[in-house]
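[1] the amino acid sequence is not available; the structure is as follows:
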């Protein structure tokens, strides 16, 4: 076997090994004691930003000012797709009794394709409507490099405190994303699109 072929083969094997370890390595999880860590509902107020702004190819319009303290029920990273650069991470967040590990440990929680899903392992730990009104899938749009770096430290079980704006995002090709502005909805269009200007993480 020629030297160049050997090098190429070993390089391919090394890449496969590194990728497999990275892909299969379990995400960190912070175990919490029982009790609601974030009992308060998110706070949404009328926005003070009257003009849209450009962020790369995206035009962003504030719909409401927003702040939230919540437990991270799940985290999903995105590397491909129209919005991956703008929103590299979705966080499934829980507050009220959905920030109590006794409750959310009794649910199977997953994310994918910009959706958040849950189902009870056995009986519902709290009423279904309470789960729906106290948890959400949130598309995180870091407003700065600092927020993006802090976002890297967030994992399942983290407590996060975030402030910024719920927004509508458009592109010249007609693509659009619009945040929900109520915590009472479910299904398509119920996710928050959150321009995050401040992020504090408790791990």
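    Nice, I can see it. What you see is a predicted model, and the numbers here were worked out from it, not measured in a lab.

[2] state which strand of the chain is the longest.
    Taking DSSP state E as the criterion, the chain has its longest strand at strand 58-77.

[3] name the strands paired with it and say parallel or antiparallel.
    strand 43-45 (antiparallel), strand 53-55 (antiparallel), strand 89-94 (antiparallel), strand 159-170 (antiparallel) (DSSP bridges).

[4] now these in a markdown table, with mean neighbour count and mean pLDDT?
    C-beta here means a position set from N, CA and C on the backbone, and glycine is covered the same way. Below are these laid out as a markdown table (neighbours: other CB atoms under 10 Å; pLDDT from 0 to 100):
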| stretch | mean neighbour count | mean pLDDT |
| --- | --- | --- |
| strand 43-45 | 13 | 98 |
| strand 53-55 | 12 | 96 |
| strand 89-94 | 25 | 98 |
| strand 159-170 | 20 | 98 |
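
[5] include distance to residue 66 when you put those into JSON lines, please.
    JSON lines is the format used below for the strands paired with strand 58-77 (distance: least, CB to CB, whole Å):
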{"stretch": "strand 43-45", "distance to residue 66": "5"}
{"stretch": "strand 53-55", "distance to residue 66": "16"}
{"stretch": "strand 89-94", "distance to residue 66": "12"}
{"stretch": "strand 159-170", "distance to residue 66": "5"}
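
[6] low-confidence ranges in this structure?
    1-26 (pLDDT under 70).

[7] show me the strands in it, by range?
    Assignment of strands within the chain using DSSP E yields the ranges 43-45, 53-55, 58-77, 89-94, 107-112, 115-120, 135-142, 159-170, 176-178, 192-202.

[8] which helices and strands does the last one pack with?
    Packed against strand 192-202 by the contact rule (3 or more CB pairs under 8 Å, 6 or more residues apart in numbering; DSSP states H and E) you find strand 58-77, strand 135-142, helix 145-151, strand 159-170.

[9] which of those sits closest to residue 112?
    strand 58-77 (6.6 Å; CB to CB).

[10] that closest one versus strand 107-112: what angle between them?
    Put simply, strand 58-77 runs at 130 degrees to strand 107-112, going by axes from the mean of the first three to the mean of the last three CA atoms, to 10 degrees.

[11] how about the strands paired with strand 58-77, which one is nearest residue 129?
    strand 89-94 (14.5 Å).

[12] for that closest one, what is the distance to the chain centroid?
    The chain centre lies 3 Å from the centre of strand 89-94; the measure is CA atoms, centre = their mean, to the nearest Å.

[13] do stretch 81-94 as well
    Stretch 81-94 sits 6 Å away from the centroid of its parent chain (CA atoms, centre = their mean).

[14] can you list the buried residues in stretch 55-74?
    Within stretch 55-74, the residues that count as buried by 16 or more other CB atoms under 10 Å are 58-66, 68-74.

[15] so which of the residues you listed comes closest to residue 171?
    Of all the buried residues of stretch 55-74, residue 171 sits closest to residue 58, with 6.0 Å by CB to CB.
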